[in-house]
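>>> what would the 3D arrangement of this be:
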Amino acid sequence: MSNRVLFRLAFLLMLASCLSCSTERKLAKKFLNEHKGESLMLSPVDFIYKENPAAYIDTRKYTTPEQQDSVAFYSSKFVQHVSDSIFLTLFMNSLIETLESYSFNVFMDQEANLFLASPKPGWILQMAQMSLVEDYSISSVSGYDYEGEEFIHQFRVNEVSLDTWLEVNRVNTVQSKQLLFLSGYIRDDTSRRISLDYDFGQFYYTNDNDSIDLDNIYEMADASGRKHAELLFDYFMNDYIQRNMQGVLPKMSFHYNSIWNRLENHPWEYFELIK
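Here you go, the predicted structure:
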């Protein structure tokens, strides 16, 4: 096969790919207009699972899973102090406000009749499970004495993550429910000063870093609600693209940047599809 034929085939393949991407972008822009006024029904969870997998547990003394879970919970530094009602209220209010800022009408599950009677009932969203997981890692800092001998001090870096499982179901479709997963975390800020200084025959450990506290965990609830709404919008938009591609699999997914009012391709943040 001649180089000219190969070049022509490559050009045709590139042209077909560009036309496909153009179709997907047009559908994404169409969704930005057509989704406005669509209704969503939201069902929250009643409580948050709280885990402390790094806890030390004497399994000879505490032999049952129930006992071990209790020891892990009450030895936690953070999660035992988190109020479910405060955390969930912050998360849900932020989620709802952000979805409404995207021009959705949001109904709670006790408003099912109003949701179904709305002009454009679109999606049913069920928060299947939410888990707060407390963990830590060990980092270290080194110092040297007057004789050049190295000393190493280890310190704990705390982390709290929020894992969520969300069931989504599009109204008036045979498509089965899909289970989405998202995980995010906060941890101690170790970007500031940590030092191990030798003075007068003794080492001094100095830690000027920010450690997470209960307020930071509640701030995470608010920020996570916004993030869930943002990624749900992307999920709805890319689902719309796929449903309107006339049997062709999309080659590109999009993120809508609401701050700059623009579409960005191949987003690096998205829900993981479990099933």
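>>> quick one, what contacts the nearest residue to residue 213 once chain neighbours are set aside?
Residue nearest to residue 213 in three dimensions, not counting chain neighbours: residue 78, with 8.0 Å by CB to CB, 6 or more residues apart in numbering. Glycine gets a C-beta too; all of them are placed from N, C-alpha and C. For residue 78, the contacting residues are 134, 158, 160, 212, 213, 214, 217, by CB atoms under 8 Å, 6 or more residues apart in numbering.
>>> same thing but 7 Å
Applying CB atoms under 7 Å, 6 or more residues apart in numbering, we find residue 78 in contact with 134, 160, 214, 217.
>>> okay if I get those as a markdown table plus pLDDT?
Putting the contacts of residue 78 into a markdown table (pLDDT from 0 to 100) gives the following:
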| residue | pLDDT |
| --- | --- |
| 134 | 96 |
| 160 | 97 |
| 214 | 96 |
| 217 | 97 |
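>>> give me the buried entries from the residues you listed.
Buried members of these, counted by 16 or more other CB atoms under 10 Å: 134, 160, 217.
>>> in TSV: these, plus distance to residue 123.
Shown next, in TSV, are the buried ones among the contacts of residue 78 (distance: CB to CB, whole Å):
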residue	distance to residue 123
134	32
160	29
217	29
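>>> the helices in this structure, which residues?
Taking DSSP state H, the helices of the chain run over residues 3-34, 65-74, 84-101, 112-117, 214-243.
>>> helices or strands up against the shortest one?
Using 3 or more CB pairs under 7 Å, 6 or more residues apart in numbering; DSSP states H and E as the contact test, the elements touching helix 112-117 are strand 39-43.
>>> list the neighbouring strands of the strand it packs on plus their orientation.
strand 105-108 (parallel), strand 121-144 (parallel) (DSSP bridges).
>>> quick one: low-confidence ranges for the chain?
Segments of the chain classed as low confidence (criterion: pLDDT under 70) are 1-21, 144-148, 191-209.
>>> how about 50 then?
Confidence mapping of the chain against pLDDT under 50 gives the ranges 3, 5-7, 9-20.
>>> re the thing from before, and the contacts of residue 78, which two are furthest apart?
Spatial extent of those (CB to CB) is set by the pair 134 and 214 at 11.9 Å.
>>> and residue 82, how many neighbours?
18 (other CB atoms under 10 Å).
>>> would you mind measuring from it to residue 44?
Separation of residue 82 from residue 44 (CB to CB, to the nearest Å): 16 Å.
>>> go on, residue 142?
Counting by CB to CB, the gap from residue 142 to residue 44 is 48 Å.
>>> now residue 166
11 Å.
>>> more crowded one of these two?
Neighbour tally, residue 166 and residue 44, criterion other CB under 10 Å: the higher count belongs to residue 166, 22 against 16.
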